[in-house]
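Trainee: need a structure here:
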Amino acid sequence: MGLRMPWCWKMAGAYVKEREHLKSFLEKMKFPENTLFCADAGFTGYELWAAMRKAGHHFVIRVGANVNLLSKLANAQTRDDLVFLWPAKLARKNQPPMMLRLIKIQDSRGTMYLVTSVLSTRDLSNTMAHRLYKMRWGIEVQFRSVKQTFGKRKLKSRTPENVLVELE
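Mentor: Residues are numbered from 1 along each chain as shown. Below is the predicted model:
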């Protein structure tokens, strides 16, 4: 992330969800062992997070009010920063909840919440999680810069085949 370079990318229509791209990457690509995915609030959800964990990776993702996290579960040992993601449809099927660590970040712009699958603060401190999340923004800025530098706000090709070549 420090280089502001994407690891990989995929081209698709405007209505394809980015999280579906990530799920397909997890199935088809080989990422370095223990990759830590860092993403914005568009990459939430039990299925996606479970797929990351199943592939042996971790994540740090910003969450908002649209993500329903449980702070206490019966018979579960918890710390103040541990939360659970347990959608009702999975609970009804006796699927286990996903244990996560909730990180509260207070800065000049207000309060932001990150969740991570790294439960140990020794392995990933709150400060480092926040620093990594802020670095993620650099990649977003880099994409915008590339579009501006190469004049790719609007594609100039007239056929679908040439559009693919232009994008690559």
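Trainee: Please point out which parts of the helix ranked longest in the chain sit buried.
Mentor: What stands out as the longest helix in the chain, according to DSSP state H, is helix 126-149. Neighbour-count burial for helix 126-149 flags 126, 129-130, 132-133, 136, 139 (criterion: 16 or more other Cβ atoms under 10 Å). Glycine gets a C-beta too; all of them are placed from N, C-alpha and C.
Trainee: And that helix, what does it pack against?
Mentor: Here helix 126-149 touches strand 36-39, strand 58-63, strand 98-107, strand 110-116, going by 3 or more Cβ pairs under 8 Å, 6 or more residues apart in numbering; DSSP states H and E.
Trainee: Can you tell me which of those is nearest to Asp80?
Mentor: Distances from Asp80 to each of the helices and strands packed on helix 126-149 were compared using Cβ to Cβ; the minimum, 8.8 Å, belongs to strand 98-107.
Trainee: Give me the sheet partners of the closest one and which way each runs.
Mentor: Sheet pairing of strand 98-107 (DSSP bridges) gives strand 82-85 (antiparallel), strand 110-116 (antiparallel).
Trainee: pLDDT of the shortest one, averaged?
Mentor: For strand 82-85, the mean pLDDT works out to 92.
Trainee: Flag every buried residue along the very next helix or strand once past it.
Mentor: Counting by DSSP states H and E, the next helix or strand C-terminal to strand 82-85 is helix 88-92. By neighbour count with 16+ other Cβ under 10 Å, helix 88-92 contains the buried residues Leu90.
Trainee: wouldn't Leu36 be in contact with Ala129 here?
Mentor: No: applying Cβ atoms under 8 Å, one finds Leu36 not in contact with Ala129, separated by 9.1 Å.
Trainee: who touches both of those two?
Mentor: Overlap between the neighbourhoods of Leu36 and Ala129 consists of 60, 118, taking contacts as Cβ atoms under 8 Å, 6 or more residues apart in numbering.
Trainee: Touching, Gly64 and Met112? I think so.
Mentor: No: the pair Gly64 and Met112 fails to qualify as a contact (Cβ under 8 Å) at a distance of 9.1 Å.
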